[in-house]
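Peer 1: next come a sequence and a model predicted from it.
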Amino acid sequence: MWNAIHVKTKVLPGNRVEVKTPGFGEGASVEVFVVQPEAPGLSRCSMLELLESLPAETRLFESAAQADHFLQEERDSWDR
């Protein structure tokens, strides 16, 4: 069975993190996971949203159908 605590803390000068562990014996082996929550103000988007946000002039194809057509022509050329 796992004995666990959840602690919120700040990163200290020198990029250090200090965790106090009440209930754990001194010298005990422990595992530590450090997770930084998403920074406020940063938004996540899907890959499709990211691609749609790119300028049109950087896109090779205007639609999936055009990309499929191009790929099919390439595959057909391999058989010739």
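Peer 2: Yep, that arrived.

Peer 1: rest of the way, CA atoms for contacts and neighbours
Peer 2: Noted.

Peer 1: most remote residue from the chain's center?
Peer 2: In the chain, Arg80 marks the outermost C-alpha relative to the chain mean, sitting 43.1 Å out by C-alpha atoms, centre = their mean.

Peer 1: show me where pLDDT drops low in the chain?
Peer 2: The chain contains residues with pLDDT under 70 at 1, 42.

Peer 1: just want the most central residue of it.
Peer 2: The centroid of the chain falls nearest to Arg44 when counting by C-alpha atoms, centre = their mean (9.4 Å).

Peer 1: top helix in the chain by residue count?
Peer 2: When the chain is parsed with DSSP state H, its longest helix is helix 64-78.

Peer 1: contacts for that helix, please.
Peer 2: The contact list for helix 64-78 (C-alpha atoms under 8 Å, 6 or more residues apart in numbering) reads Phe61.

Peer 1: buried residues in that helix?
Peer 2: Using 16 or more other C-alpha atoms under 10 Å as the test for burial, helix 64-78 gives no buried residues.

Peer 1: what's the offset of that helix from the middle of its chain?
Peer 2: 32 Å (C-alpha atoms, centre = their mean, to the nearest Å).

Peer 1: from here on, call the first residue 57.
Peer 2: That works, and once the first residue is 57, the last one we named lands at helix 120-134.

Peer 1: strands along the chain, start to end?
Peer 2: Per DSSP state E, the chain carries no strands over any range.

Peer 1: count the residues that sit near Phe80.
Peer 2: 13 (other C-alpha atoms under 10 Å).

Peer 1: so how far is Trp134 from it?
Peer 2: Using C-alpha to C-alpha, to the nearest Å, Phe80 is found at 66 Å from Trp134.
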